[in-house]
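S.K.: with the input below, show me the fold.
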Amino acid sequence: MRTRAITALFFVIVVLASILLNAYLFACFFIILSACCLYEFYRIVGDAHGKPDSLLGVLLGVLTFGLYAGCRLGDFPPDFLVGIAPLAAVVLIASLYKKGQDKPFAGIAYTFLGIVYVVLPFLSFFSLGFLTGAYDYRLPLGFMLMLWGNDTGAYLVGRFFGRRRLFERISPKKTWEGLVGGILLALVVSLILARYFPVLSIWEWVGMALLVSIFGTFGDLVESMLKRSQQVKDSGAILPGHGGLLDRFDGLLLAAPAVFALLKILWSLQHAG
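M.R.: Residues are numbered from 1 along each chain as shown. This is a model prediction of the structure:
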């Protein structure tokens, strides 16, 4: 428990520092983080049915995130994004030279699925920092605080009061009581954020909290389903007492795209009005 607490504290400090200090550190940290999570995903899914090209997949993920971040930061014109297409083609061509694969397109599918499942959600989270134009740390910071609040509330309430299983087939430890506890703590965090960060209205922060809680819980369940189907306990061992990075950010993978879509629509409607 002590090792788990120390690891969590250290990692929270690193994540908060990357968000708060400046946009370039924010971009670099989450490019590296998404690449590590993508590698863990490839390690989990690779089996006799299909082996993803981990090297090319990670390179494609880093290039995609890097060019997108460069466009957001103003270092690259949007036309640079077309540089992603040649490397995506290389993934297909490289499979022609791999021997011993009965179903090469299964490996290709896994390679591209990793980009969709891991990198694009991290891009959605990264985009929260630029939703209003220039980099603003308040939205990505608020997202992470609500996500951590949801996880903490779900863990504590589920541990002490959990009785009714939420999805026993996939995650036996999750309970309906834990789900409610996570939502309530995320809502409390959203009200505090609305008080000090008026970049959104109180109802927008509350709506964001609900999406983070609901989609974050489903993100956790989806990753548990992935690990269970591949008979893997943890996505990795890089975080002592916590497992892998993908285990710690599984909630973000579904929550970030949902939150970004909601806020983008609301922002567009407000701007149009």
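
S.K.: what's near enough to touch the closest residue to T175 other than its chain neighbours?
M.R.: Leaving aside its chain neighbours, T175 sits nearest to G162 (3.3 Å; criterion: Cβ to Cβ, 6 or more residues apart in numbering). To be clear about C-beta, it is placed using only N, CA and C from the backbone, and glycine gets the same treatment. Contacts here follow Cβ atoms under 8 Å, 6 or more residues apart in numbering; on that basis G162 touches 173, 175-178.

S.K.: okay, strands next: where are they in the protein?
M.R.: Along the chain, the stretches classed as strands by DSSP state E are 165-167, 171-175.

S.K.: check which helices and strands the longest one is in contact with.
M.R.: When you say that, I think you mean strand 171-175. Applying 3 or more Cβ pairs under 8 Å, 6 or more residues apart in numbering; DSSP states H and E, one finds that strand 171-175 contacts helix 138-161, strand 165-167, helix 202-229.

S.K.: which secondary structure elements does the shortest one sit against?
M.R.: Contact here means 3+ Cβ pairs under 8 Å, 6+ apart; on that basis strand 165-167 packs against strand 171-175, helix 176-196.

S.K.: so which of these is nearest F76?
M.R.: Minimum separation from F76 across the helices and strands packed on strand 165-167 (Cβ to Cβ) falls at helix 176-196, 31.8 Å.

S.K.: which parts of that closest one are buried?
M.R.: Residues 177-187, 189-190, 193-194 are the ones in helix 176-196 that count as buried (16 or more other Cβ atoms under 10 Å).

S.K.: before we move on, what about stretch 133-148?
M.R.: Using 16+ other Cβ under 10 Å as the test for burial, stretch 133-148 gives 135-148.

S.K.: picking up where we left off before, turn the helices and strands packed on strand 171-175 into a markdown table, including mean pLDDT and distance to V62.
M.R.: Formatted as a markdown table, the helices and strands packed on strand 171-175 follow (pLDDT from 0 to 100; distance: least, Cβ to Cβ, whole Å):
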| stretch | mean pLDDT | distance to V62 |
| --- | --- | --- |
| helix 138-161 | 94 | 20 |
| strand 165-167 | 86 | 33 |
| helix 202-229 | 95 | 21 |
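
S.K.: any chance of the ones you listed in a markdown table, plus distance to V58?
M.R.: Listed next are these as a markdown table, based on distance: least, Cβ to Cβ, whole Å:
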| stretch | distance to V58 |
| --- | --- |
| helix 138-161 | 23 |
| strand 165-167 | 31 |
| helix 202-229 | 18 |
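
S.K.: tell me which of those sits nearest to L266.
M.R.: Ranking the helices and strands packed on strand 171-175 by proximity to L266 (Cβ to Cβ) places helix 202-229 first, at 6.4 Å.

S.K.: now that closest one: how far from the chain's centre is it?
M.R.: Relative to its chain's centre, helix 202-229 lies at 10 Å (Cα atoms, centre = their mean, to the nearest Å).

S.K.: what do you get for stretch 115-122?
M.R.: What separates the centre of stretch 115-122 from the centre of its chain is 7 Å, taken as Cα atoms, centre = their mean.

S.K.: now the end-to-end length of that stretch.
M.R.: Terminal residues of stretch 115-122 lie 10 Å apart, using Cα to Cα, to the nearest Å.

S.K.: can you list contacts of it?
M.R.: Under Cβ under 8 Å, 6+ apart, the answer for stretch 115-122 is 30, 33-34, 37-38, 41, 57, 60-61, 64-65, 246, 252-254, 256-257.

S.K.: now, those that are in helices?
M.R.: Counting by DSSP state H, the part of the contacts of stretch 115-122 found in helices is 30, 33-34, 37-38, 41, 57, 60-61, 64-65, 246, 252-254, 256-257.

S.K.: please enumerate the helices of the stretch 1-150 of the chain.
M.R.: 2-20, 23-45, 54-73, 84-94, 104-114, 120-128, 138-161 (DSSP state H, counting those that start in this stretch).
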